[in-house]
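Enquirer: Here is my input; please provide its structure:
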Amino acid sequence: MSEDKFAELRKKLDETQSYPTVYMFKFIMDAEHRKIALVENLFSENAEIHTKESDKGKYISITIKEVMMSTDEIILIYNKASDIKGVMIL
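Expert: The predicted model follows:
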């Protein structure tokens with residue numbers, strides 16, 4: 001995600017969210033255990049994590065819900081996830 005998209009996301013979150021809030025993150029990536037673990041490790045043990053493989057098992061989508069305390073916390077997770085090669089942020 002580019003810095004412009006982070007700025008746009010920050011503005012939308014500031015306008016629509018009140019904290020603390022349960023926020024839902026969505027990612028798509030190759031179904032590689034290492035990438036899945038890297039994404040899941042961005043969250044606490046209290047996060048609710050759901051995964052779904054594509055029909056042929058090549059890709060996986062991960063939906064994660066966790067209580068967020070601020071817009072900055074959400075942006076930080078998206079920023080870290082964007083550093084993982086092959087992870088698409090939805």
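Enquirer: could you pull out the helices for this protein?
Expert: Using DSSP state H, the helices of the chain run over residues 3-16, 33-40, 71-82.
Enquirer: Touching the second one from outside, list them.
Expert: Just to be clear, that refers to helix 33-40. Contact partners of helix 33-40, identified using C-beta atoms under 8 Å, 6 or more residues apart in numbering, comprise F27, M29, A47, I49, T51, I60, I62, I64, A81, I84, G86, V87. All C-beta atoms are positioned from the backbone trio N, CA, C, and that covers glycine.
Enquirer: Look up the closest residue to the fourth one, ignoring the ones flanking it.
Expert: Leaving aside its chain neighbours, I49 sits nearest to I64 (5.1 Å; criterion: C-beta to C-beta, 6 or more residues apart in numbering).
Enquirer: what's the one you found in contact with, if anything?
Expert: So I64 contacts M24, F25, K26, F27, V39, E40, F43, A47, E48, I49, H50 (C-beta under 8 Å, 6+ apart).
Enquirer: From those, pick the one nearest R10.
Expert: F25 (15.2 Å; C-beta to C-beta).
Enquirer: where's the residue nearest to that closest one when sequence neighbours are not counted relative to K56, distance?
Expert: Closest residue to F25 apart from its sequence neighbours, by C-beta to C-beta, 6+ apart: I64 at 4.6 Å. To K56, I64 is 23 Å away according to C-beta to C-beta, to the nearest Å.
Enquirer: cool, I89 as well?
Expert: Distance of I89 to K56, given as C-beta to C-beta: 22 Å.
Enquirer: More neighbours: which of these two?
Expert: I89 (18 against 7; other C-beta atoms under 10 Å).
Enquirer: that older thread, mind putting the contacts of I64 in CSV, distance to K5, pLDDT and neighbour count included?
Expert: Shown next, in CSV, are the contacts of I64 (distance: C-beta to C-beta, whole Å; pLDDT from 0 to 100; neighbours: other C-beta atoms under 10 Å):
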residue, distance to K5, pLDDT, neighbour count
M24, 18, 98, 13
F25, 15, 98, 21
K26, 15, 97, 12
F27, 15, 97, 22
V39, 18, 97, 23
E40, 23, 97, 15
F43, 21, 98, 16
A47, 23, 98, 13
E48, 25, 98, 12
I49, 24, 97, 14
H50, 24, 97, 11
